[in-house]
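[1] For reference, the sequence and a predicted model appear below.
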Amino acid sequence: MRKVLLATTALATVSAVAAANAEVSLSGYYKFIYSSTSDNTTTDRDGMSDDTEFAVTFSKTTDSGLTFGMQTQVEGGTGSGASTIDEGFMTLSSPDMGKLILGDNDDMFDSYVHFAPGLTAMASGAYDGRSALTAAGAATPDGLVPDAGFTSGSDTTKASYVSPNMSGLSVGVTYMKTEGNEDAFTAMGISYSTEIEGVSLDMSAATKDTNADNNSMSTQYGMTVGFGDFSIGAAAYNVDSKATTAGTDNYEGKATTIGASYKLTDSLTVAYSTTTSEVDAGNDNGDELDTDSFGATYTIASGLSLALAFNSSAYSDSSAANNSMDTDEVRAELVAKF
């Protein structure tokens, strides 16, 4: 009965919104993942996992040209535990003023991060070498990241602004402050896209400052060049964390990713990327994680795709414990989107 009442309420709400000449849309995805991992220290590990999310989006444009709207996202699956409200935010926008975003949403660092061509950039076959270390019982050093397109995925309440597109140039800023905390979180991103005689150029840069007890400054930038069905590019990520609380480690880390992808047919794309991540300061100074990924994505039908990947990583531990480790993974992902 409770489910029926909830469904009835949702339908009534959508109907009321539609009657007010607003636009309402549903979107989402489901991802089923199978991976087989082996390393030089433990037995092989096989496993299945999944991830799912759907979003309800509402928007309405007034007679003055101002568009306002809201979006609510629900996420579930192995990686997120029980289904929960992942993001909820409202937007105010117009062609001349840009867009104001208020609520629980990605900050402008994450929104402007540049992914080098490769499986991560295609949002399929993504591999996190740090997770492989954790699964094998090794510590994950602060400052090591799986890809130079690293994002934090923070959805805490914040205010963000995105400028209008100015001949391919876009700028975004974020400000966040929690009650009882004197420090504020800030983030900024800038991107530029153009095409010259059939050659596409996309570049971006982003920075964020946590201004918290564990003060962390991160910067990220990258560029991709496209020639028809072929793309090649690179990205870099740097983090500098200055701890101000006892027992917390200062550290500096950096990562670079170089990748390329080629669209063989309308349905099949192959990609390769290589990433080097290292710690330059702190307790794990000198640690390094190198990852190579090769794979392909195949579009079975509109909204349905399959990704296959082989990922290999080598972790070098500079400490006396010498927990160095080599890890290989074969990964398959079946993704449905609407």
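    Yep, it's here.

[2] Does residue 41 touch residue 325 like I think?
    Yes: between residue 41 and residue 325 there is a contact at 5.7 Å, judged by CB atoms under 8 Å. C-beta here means a position set from N, CA and C on the backbone, and glycine is covered the same way.

[3] The two: which is more packed in?
    Remark: of residue 41 and residue 325, residue 325 carries more neighbours, 20 against 12, as counted by other CB atoms under 10 Å.

[4] Please enumerate the helices of the stretch 51-200 of the chain.
    For the stretch 51-200 of the chain, applying DSSP state H, counting those that start in this stretch gives helices covering 108-112, 129-135.

[5] Pick out the shakiest of those helices, pLDDT-wise.
    When the helices of the stretch 51-200 of the chain are compared by mean pLDDT, helix 129-135 comes last with a mean of 47.

[6] what about the strands in the stretch 151-300 of the chain?
    157-162, 169-176, 185-196, 199-209, 214-227, 230-243, 251-263, 268-281, 288-301 (DSSP state E, counting those that start in this stretch).

[7] Extract the CA atoms of the fourth one and return them as PDB.
    Translated: strand 199-209. Output of strand 199-209 as PDB, limited to C-alpha atoms (Å, rounded to 0.1, in the frame of the first residue of the first chain):
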ATOM      1  CA  VAL A 199      40.800  19.500 -36.500                       C
ATOM      2  CA  SER A 200      39.000  19.800 -33.100                       C
ATOM      3  CA  LEU A 201      40.700  21.300 -30.000                       C
ATOM      4  CA  ASP A 202      39.400  20.900 -26.500                       C
ATOM      5  CA  MET A 203      41.300  22.200 -23.400                       C
ATOM      6  CA  SER A 204      40.400  23.000 -19.800                       C
ATOM      7  CA  ALA A 205      41.900  23.800 -16.400                       C
ATOM      8  CA  ALA A 206      40.500  23.600 -12.900                       C
ATOM      9  CA  THR A 207      41.500  24.300  -9.300                       C
ATOM     10  CA  LYS A 208      40.000  23.900  -5.900                       C
ATOM     11  CA  ASP A 209      41.000  24.800  -2.300                       C
END
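
[8] Now do the same contact list for residue 56.
    Applying CB atoms under 8 Å, 6 or more residues apart in numbering to residue 56 gives the contacts 24-26, 71-72.

[9] Now go through those and say which are in strands.
    Applying DSSP state E to the contacts of residue 56, the entries found in strands are 24-26, 71-72.

[10] Filter those down to the buried ones and hand me the ChimeraX line.
    Selection of buried members from the ones in strands among the contacts of residue 56 for ChimeraX, criterion 16 or more other CB atoms under 10 Å:
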select :71,72
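
[11] Compile the ones in strands among the contacts of residue 56 into JSON lines and extend it with columns for pLDDT and distance to residue 275.
    Converted to JSON lines, the ones in strands among the contacts of residue 56 look like this (pLDDT from 0 to 100; distance: CB to CB, whole Å):
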{"residue": "24", "pLDDT": "93", "distance to residue 275": "40"}
{"residue": "25", "pLDDT": "94", "distance to residue 275": "35"}
{"residue": "26", "pLDDT": "93", "distance to residue 275": "35"}
{"residue": "71", "pLDDT": "93", "distance to residue 275": "32"}
{"residue": "72", "pLDDT": "91", "distance to residue 275": "34"}
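
[12] Great, nothing more from me.
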